[in-house]
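Colleague: Quick one: sequence and predicted model below, then my questions.
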Amino acid sequence: MSMKSPGNKKAVSRKLTADSSPVIVGVDEAGRGPIAGPVTVAAVALLINQNYGLTKSIVWKRCEGVRDSKQLSEKKREYFRGVVEDLAKEGVLRWAVHSTKSTVIDERGIVYAIQRSLDTVLDELALDPHETRVLLDGALKAPQRFVHQETIIRGDETELPITLAGIMAKTTRDRGMVAYAKQYPQYGFDSHKGYGTPLHYRAIEMHGLCRIHRASFKGLTN
């Protein structure tokens, strides 16, 4: 993993830099590809208080060994979630997470659902758009009012705030799917988390769709 070290600072648009921005926010999502369950977006805001190097060094040290959530075991993801929660209690960072249900995905589409959750988490953080630098993974975009934003391909592998956001999104969604497994034990949601595995498709063939399936997705019929 080539995540940038605390000393590697990069300028962004309109002369807002890591040194001058009071808040650096990472945004990532989990659950774009499954055929069941919600899509979840998380944002993690480093409260740098004009000292980006010091704050990032604190977070970096506490998150030693962190990786993109897909490269971590479930146990490790939960461990780093606990670290984020502890850092939030200490006032080093803030985080927010929001899930959009499968019914909305069916009605409005996955792109709309992701954007809805993304807008919600940024609203919940109550940030000044002009004093915030937003880093987003993949193809995500923040609302236009956030004038200092950057979308980074595979940003969850290179930018610490995005990596932490991905972990918060993934653990939140996985916990929700484990809860759904108790309601619908016949589908095995606790094992595949709603992805289209052979086991999952066999369960659909036997039992049909349940209310959390994304009925609009290709190949899904009752």
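Modeller: Structure's in. What do you need? Residues are numbered from 1 along each chain as shown.

Colleague: Give the helix, strand or coil label for the nearest residue to residue 149 once chain neighbours are set aside.
Modeller: Spatial nearest neighbour of residue 149, chain neighbours left out: residue 134 (4.1 Å); criterion: C-beta to C-beta, 6 or more residues apart in numbering. For the C-beta atoms, the positions are set from N, CA and C on the backbone; glycine is no exception. Assigned by DSSP: H, G, I helix; E, B strand; the rest coil, the conformation of residue 134 is strand.

Colleague: what pLDDT does residue 134 get?
Modeller: Looking at residue 134, its pLDDT is 96.

Colleague: Show me what it is bridged to.
Modeller: residue 25, residue 149 (DSSP bridges).

Colleague: Give me the phi and psi angles of residue 112.
Modeller: Main-chain dihedrals, residue 112, degrees, to the nearest 10: phi -60, psi -40.

Colleague: wait, what's in contact with the nearest residue to it once chain neighbours are set aside?
Modeller: Once flanking residues are discounted, residue 112 sits nearest to residue 104: 7.5 Å by C-beta to C-beta, 6+ apart. Taking C-beta atoms under 8 Å, 6 or more residues apart in numbering as the contact definition, residue 104 lies against 112-113, 116.

Colleague: Quick one: buried ones out of those?
Modeller: Buried by 16 or more other C-beta atoms under 10 Å: 113, 116, out of these.

Colleague: Residue 79: which of the contacts of residue 104 is nearest?
Modeller: Distance ranking of these against residue 79, using C-beta to C-beta, places residue 113 first at 28.7 Å.

Colleague: Leaving out sequence neighbours, find the closest residue to that closest one.
Modeller: Nearest one to residue 113, counting by C-beta to C-beta, 6+ apart, is residue 100 at 4.0 Å.

Colleague: What about that neighbour, how many residues nearby?
Modeller: 22 (other C-beta atoms under 10 Å).

Colleague: let's have the chain start at 527 instead
Modeller: Sounds good: first residue 527 from here, last item residue 626.

Colleague: what about it, distance to residue 585?
Modeller: In this view, residue 626 and residue 585 are 28 Å apart by C-beta to C-beta, to the nearest Å.

Colleague: Then residue 574?
Modeller: Counting by C-beta to C-beta - residue 574 and residue 585 are separated by 10 Å.

Colleague: Residue 633 now?
Modeller: Distance from residue 633 to residue 585, by C-beta to C-beta: 38 Å.

Colleague: Please apply the same query to residue 608.
Modeller: For residue 608, the distance to residue 585 - C-beta to C-beta - is 14 Å.

Colleague: Enumerate every residue touching the nearest residue to residue 557 once chain neighbours are set aside.
Modeller: Distance criterion C-beta to C-beta, 6+ apart; nearest residue to residue 557, sequence neighbours excluded, is residue 565 at 4.2 Å. Residues in contact with residue 565 (C-beta under 8 Å, 6+ apart) are 555-558, 625-626, 631, 636, 639-640, 643, 699.

Colleague: Could you rerun that using 10 Å?
Modeller: Counting by C-beta atoms under 10 Å, 6 or more residues apart in numbering, residue 565 makes contact with 555-559, 624-628, 630-631, 636-637, 639-640, 642-644, 695, 699, 740.

Colleague: Check residue 710 too.
Modeller: Contacts for residue 710 (C-beta under 10 Å, 6+ apart) come out as 562, 729, 733, 736-739.

Colleague: Between the residues you listed, which sits nearest residue 617?
Modeller: Nearest to residue 617 among those, counting by C-beta to C-beta, is residue 738 at 36.4 Å.
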